[in-house]
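Trainee: here are the coordinates; sequence isn't available:
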């Protein structure tokens, strides 16, 4: 039975974990890193780079590098690289595939099942997009779990005393706050709130803009016209932000950043923590609204919180920690690793789903989550008629009766919305469908029961039934922002094709390297044996060396096909056999 891994698919970094010996452990990638940068790049040969390799070349190859794609999940965003338009799901799938491969290398066995985390404030379309990305990466997504809930699950393993906690999760691109009650065997989400477009990326952008504005003022050079220079400044801004979490000043040094009048121009700047706090004060303040909203929805005051957990790398910013202290009146807990606890909680959830975790075996734990946003239907006058309130406990099964608005109407159009605004136009449209075949009758007579089902992943399906005829229809919500099944299958094929191309390139590189080593060894053997070896044997080795050398001269790893690799290996085998006769 395949092990279930836990994945924190982050905006800036992603992390994968597995439960071993009853405890979640972080799986290092092939570079020995505990977190993999959520960056994907395409080089000139068409190879796909993921993680640190992609991030290292981002500044010099910005047009073929994608980062922070998580913010685009569930939208119609795409990026055209190498003649192909890549969706956010496909880019995310490349990151997930890399994490899966790292897990397989660690475990020494295939991995097919995963629990993947998402921001608590992700809507239905964004959650479905995450599941689609998992499918494209070859993963069976057993559960989508909210990031703050996952962190609380990791925390609750060792801190199971009854208490109400706040999880303040500020990551690279999203912000969530959840109020969670940990009881005897139950971890229940009481309320959640957040902002899907607030995170460390925004702090980096403020610093980068400041640096480029100062550079333009001092040097009279506009760096925004040079994508490579902008990339270097953004990298420096991110590094300065990290340094300022531990020191009062950060020095930025970027030599040969641009040219003016044919001469190189360098950036030398110092950023103080006070200036950083000034530049980002409004971003920190934006977290206050969701905190107050979550507390209000949970019916709690800050004094009733037993603990405040900080999750996400951006919570290391001193001004953020100060804001949390101001809002809650208490010192945030340092009991968990803010970068790793989300993946660890997902691994625990996977182990529980598998029934192998000691808590699951004893029946000791129950995880109760909520839906982050209200669900409505557009009714007469463009009003958003609410059916499911935000922070309703999952799973949800809710039915409501609707009718026609015109005489003898045979079909009704239903527009499904997600959000908190009273008018339909101000909420997020997550789908439309038409129910046909309604019995002819006067307006208001037909009784149409529409049912909303939200599963444990927070993903919505809708069904409808004409109560008079008893005829039921299952209706799949469709939207332009979701991938169709055909699009998902094509993306899976494309991913497999690129995986095959990557494997062939690796085989080609290995074969070329081994061929060069074999030639060097054969020539060394010829020199060592000299005339002591049989003349015919020496002649054969020289001929085989020449044949292999000619093949190597023609073979370029990035252009080799399977036949080229096979021919190279065949020539290597011949040279190995003739070289062995020299011994």
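Mentor: Yep, that arrived. Just so we're clear, the structure is a prediction, and the values are computed from it rather than from any experiment. Numbers count the residues shown, from 1 in each chain.
Trainee: okay, and the helix or strand of the protein with the least pLDDT?
Mentor: Counting by mean pLDDT, DSSP states H and E, the weakest-scoring helix or strand in the chain turns out to be helix 358-361, with a mean of 48.
Trainee: now residue 314: how far from residue 242?
Mentor: For residue 314, the distance to residue 242 under the criterion CB to CB, to the nearest Å works out to 10 Å. From N, CA and C alone the C-beta is placed, and that goes for glycine too.
Trainee: packing partners of the one helix or strand residue 17 maps to?
Mentor: Here residue 17 sits within strand 13-20, counting by DSSP states H and E. When contacts are defined as 3 or more CB pairs under 8 Å, 6 or more residues apart in numbering; DSSP states H and E, strand 13-20 packs onto strand 4-8, strand 23-26, strand 36-37, helix 88-107, helix 341-354.
Trainee: for the nearest residue to residue 137 once chain neighbours are set aside, give me its contacts.
Mentor: For residue 137, the nearest residue in space outside its immediate sequence neighbours is residue 96; the separation is 3.7 Å by CB to CB, 6 or more residues apart in numbering. Residue 96 makes contacts with 7, 9, 14, 114, 116, 133, 134, 136, 137, 139, as judged by CB atoms under 8 Å, 6 or more residues apart in numbering.
Trainee: state the pair within those that is farthest apart.
Mentor: By the measure CB to CB, 14 and 136 form the most distant pair in these, at 15.3 Å.
Trainee: what's the closest of the helices and strands packed on strand 13-20 to residue 149?
Mentor: The closest approach between residue 149 and any of the helices and strands packed on strand 13-20, judged by CB to CB, belongs to helix 341-354 at 7.4 Å.
Trainee: did I read that right, residue 179 in a helix?
Mentor: No. Residue assignment for residue 179, taken from DSSP: H, G, I helix; E, B strand; the rest coil, gives strand, which places it outside any helix.
Trainee: wait, what's in contact with it?
Mentor: Residues near residue 179 by CB under 8 Å, 6+ apart: 164-166, 189-192, 294-295, 297-298, 300, 305.
Trainee: tell me how far the residue nearest to residue 137 lies from residue 224.
Mentor: For residue 96, the distance to residue 224 under the criterion CB to CB works out to 33 Å.
Trainee: and what of residue 80?
Mentor: Spatial separation of residue 80 from residue 224 under the definition CB to CB is 22 Å.
Trainee: with residue 328 instead?
Mentor: To residue 224, residue 328 is 39 Å away according to CB to CB.
Trainee: which one of the two has more residues nearby?
Mentor: The neighbour comparison of residue 328 against residue 224 (other CB atoms under 10 Å) goes to residue 328, with 19 against 13.
Trainee: which residues sit in contact with that one?
Mentor: Taking CB under 8 Å, 6+ apart as the definition of contact, the neighbours of residue 328 are 166, 291, 302, 305, 308.
Trainee: returning to that earlier point: can I get the helices and strands packed on strand 13-20 in CSV including distance to residue 453 and mean pLDDT?
Mentor: Converted to CSV, the helices and strands packed on strand 13-20 look like this (distance: least, CB to CB, whole Å; pLDDT from 0 to 100):
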stretch, distance to residue 453, mean pLDDT
strand 4-8, 24, 96
strand 23-26, 31, 92
strand 36-37, 35, 96
helix 88-107, 23, 93
helix 341-354, 20, 91
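Trainee: pick the most buried one from the ones you listed.
Mentor: Of the helices and strands packed on strand 13-20, the one with the most neighbours on average (mean count of other CB atoms under 10 Å) is strand 4-8, at a mean of 30.
Trainee: so what touches that one?
Mentor: Residues from elsewhere that reach strand 4-8 (CB under 8 Å, 6+ apart): 14-18, 24, 27, 96, 99-100, 103, 111, 113-117, 142, 147, 150, 340, 342-351, 353-354.
Trainee: let's see it at 7 Å
Mentor: When contacts are taken as CB atoms under 7 Å, 6 or more residues apart in numbering, the neighbours of strand 4-8 outside the stretch itself are 14-18, 24, 96, 99, 103, 111, 113-117, 142, 342-347, 349-351, 353-354.
Trainee: and residue 11, how far is that from residue 36?
Mentor: When distances are taken as CB to CB, residue 11 and residue 36 turn out to be 13 Å apart.
Trainee: go on, residue 342?
Mentor: Using CB to CB, we find residue 342 at a distance of 14 Å from residue 36.
Trainee: how about residue 414?
Mentor: Residue 414 is 42 Å from residue 36, where distance means CB to CB.
Trainee: same thing with residue 536?
Mentor: Following CB to CB, the distance that separates residue 536 from residue 36 is 55 Å.
Trainee: surely residue 340 and residue 15 touch.
Mentor: Yes. Between residue 340 and residue 15 there is a contact at 5.9 Å, judged by CB atoms under 7 Å.
Trainee: pull the number of nearby residues for residue 519.
Mentor: The criterion is other CB under 10 Å. On that basis, residue 519 has 19 neighbouring residues.
Trainee: and the helix or strand it falls within, what's its mean pLDDT?
Mentor: Using DSSP H and E, residue 519 falls within helix 485-529. Helix 485-529 shows a mean pLDDT of 69.
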